[in-house]
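# Quick one, structure for this:
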Amino acid sequence: MRIIHCADLHLDSKMSSNFNNEQATRRRLEILNTFENMIRFAVENQVKVIIIAGDLFDTCEYVHKKIKDRVIDNIKNNPQIDFLYLKGNHDTSDYFEQIALQIPNLKLFGKYIKSYNYDNVCISGVEFSEEIMAEYYNINLDENKFNIFVMHGQESSAFSNNGEEIINLTALKNKNIDYLALGHIHKYKFEKLDDRGYYCYSGCLEGRGFDECGEKGFVLLEVNENSFKHGFISNSARTFYEVDVYLKDIENENDIYKNILENVKDIDGKNIVKVNLFGEIEENIDIDTDYLSQKLSQDFYFVKIKDKTTVKIDYDLYKNDVSLKGEFVRLLENLDIEDEKKSKIISTGIKALLGKEF
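Model (predicted):
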């Protein structure tokens with residue numbers, strides 16, 4: 001029996017922190033297309049169940065109707081696949097509860113443990129609630145079955161008393177769980193739970209920002225009697241990359257551009273890149289991040305550049321400099337602050353004195 005485990009799609013996210021309106025709209029549709037591509041993969045590979053471990057939508061009540069309709073149509077049009085859905089912390093409405101009775105292959109979990117059986121496979125799950133600790137102790141799984149348990153929250157070795165959505169891994173040990181299917185963390189992770197089972201975060205299907213860099217996708221499980229194989233399937237339309245570029249012996253802005261190109265040459269142009277510039281550069285070299293981003297945007301879907309360089313200051317040159325700039329540098333030299341911070345202040349001050357943007 002083949003099963004897909006996915007989570008944290010956050011369909012219809014705004015994604016306005018990095019993209020303009022046109023790019024954000026395109027990315028929202030791309031994420032929906034990736035969800036549909038996963039279902040197409042499921043059909044082609046005879047997958048019986050798709051587990052969605054929370055946060056299918058970003059904030060359900062604000063999702064456009066056409067997005068919800070496409071999700072429902074995909075479920076209805078594939079009756080041979082059961083969609084087992086567990087709400088996450090972003091799924092704040094009861095939208096699915098209202099329509100689940102009309103769609104036989106859409107099956108939900110709730111605030112109390114619920115199970116669905118497929119021959120020797122039992123898939124159980126429970127949403128986060130204030131009573132969640134009690135539900136841990138109610139877990140009673142048949143040791144003779146292959147048991148999958150679905151939850152959404154942050155892994156921990158203890159319970160939380162401040163309302164946080166915590167998955168207490170210690171409390172879930174020795175409960176006959178073979179595979180703990182988790183959502184909430186947007187990066188793939190697969191580790192031992194106890195002597196019998198494993199826990200896994202499938203990660204998100206698509207990155208939405210530079211805090212979600214790297215390959216994204218879903219997990220494919222193949223269960224045979226009481227054993228299983230699992231594999232991570234990367235299927236995102238685009239990937240976020242964050243690249244650190246350390247500048248050295250730079251004479252002009254063109255040298256900076258060449259340095260960046262050398263560091264991003266192996267990244268496919270369809271992807272989304274953030275470049276962090278580090279290093280100590282001469283004070284007369286002006287780094288125009290907007291200009292560099294515009295040049296690089298011809299090579300990538302989206303580029304963002306952050307200038308984290310410091311200015312190389314030769315204080316001896318300013319000892320006898322009779323100018324406002326010289327007076328400013330001498331003043332900063334004698335302040336009791338760390339060198340990196342001092343360099344940033346001097347860099348900003350010199351740009352201001354020269355009438356440059358900073």
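# for the stretch 101-250 of the chain, what spans make up the helices?
Assigned by DSSP state H, counting those that start in this stretch, the helices in the stretch 101-250 of the chain fall at 132-137, 169-172.
# What's the separation between the residue nearest to the spatial centre of the chain and residue 236?
Nearest residue to the geometric centre of the chain (CA atoms, centre = their mean): residue 212, 3.2 Å. Relative to residue 236, residue 212 is positioned 10 Å away (criterion: CB to CB, to the nearest Å). C-beta: built from backbone N, CA, C; applies to glycine.
# What segments of the stretch 51-200 of the chain are strands?
82-85, 106-108, 114-118, 121-125, 146-152, 154-156, 166-168, 179-183, 189-192, 198-201 (DSSP state E, counting those that start in this stretch).
# of the ones you listed, which approaches residue 74 most closely?
Minimum separation from residue 74 across the strands of the stretch 51-200 of the chain (CB to CB) falls at strand 82-85, 8.8 Å.
# what residue ranges in the stretch 251-358 of the chain score low on pLDDT?
Within the stretch 251-358 of the chain, the stretches with pLDDT under 70 are 314-316, 318-319, 350-351, 353-358.
# Recalculate using a threshold of 80.
Applying pLDDT under 80 to the stretch 251-358 of the chain picks out residues 283-284, 310-323, 325-326, 328-330, 332-336, 338-358.
# same thing with the stretch 101-250 of the chain?
Using pLDDT under 80, the stretch 101-250 of the chain drops low at 101, 128-138, 157-166, 225-227.
# you'd agree the residue nearest to the centre of the chain is up against residue 204?
Yes: between residue 212 and residue 204 there is a contact under CB atoms under 8 Å: 6.3 Å.
# who touches both of these two?
residue 186 (CB atoms under 8 Å, 6 or more residues apart in numbering).
# Looking at the strands of the stretch 51-200 of the chain, spot the one closest to residue 262.
Nearest to residue 262 among the strands of the stretch 51-200 of the chain is strand 189-192 (32.0 Å), distances taken as CB to CB.
# Which strands or helices does the closest one pack on?
Where contact means 3 or more CB pairs under 8 Å, 6 or more residues apart in numbering; DSSP states H and E, strand 189-192 is packed against strand 198-201.
# so how far is the first residue of stretch 39-52 from its last?
12 Å (CA to CA, to the nearest Å).
# CA-only coordinates of the helix or strand harbouring residue 332 in CSV, if you can.
If you go by DSSP states H and E, residue 332 is part of helix 324-333. Extracted in CSV, the C-alpha atoms of helix 324-333 (Å, rounded to 0.1, in the frame of the first residue of the first chain):
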residue,chain,number,x,y,z
LEU,A,324,34.0,67.3,8.3
LYS,A,325,34.7,63.7,7.2
GLY,A,326,38.0,63.7,9.0
GLU,A,327,36.5,65.1,12.1
PHE,A,328,33.7,62.4,12.0
VAL,A,329,36.1,59.5,11.5
ARG,A,330,38.4,60.7,14.4
LEU,A,331,35.4,61.1,16.6
LEU,A,332,34.3,57.5,15.9
GLU,A,333,37.8,56.1,16.3
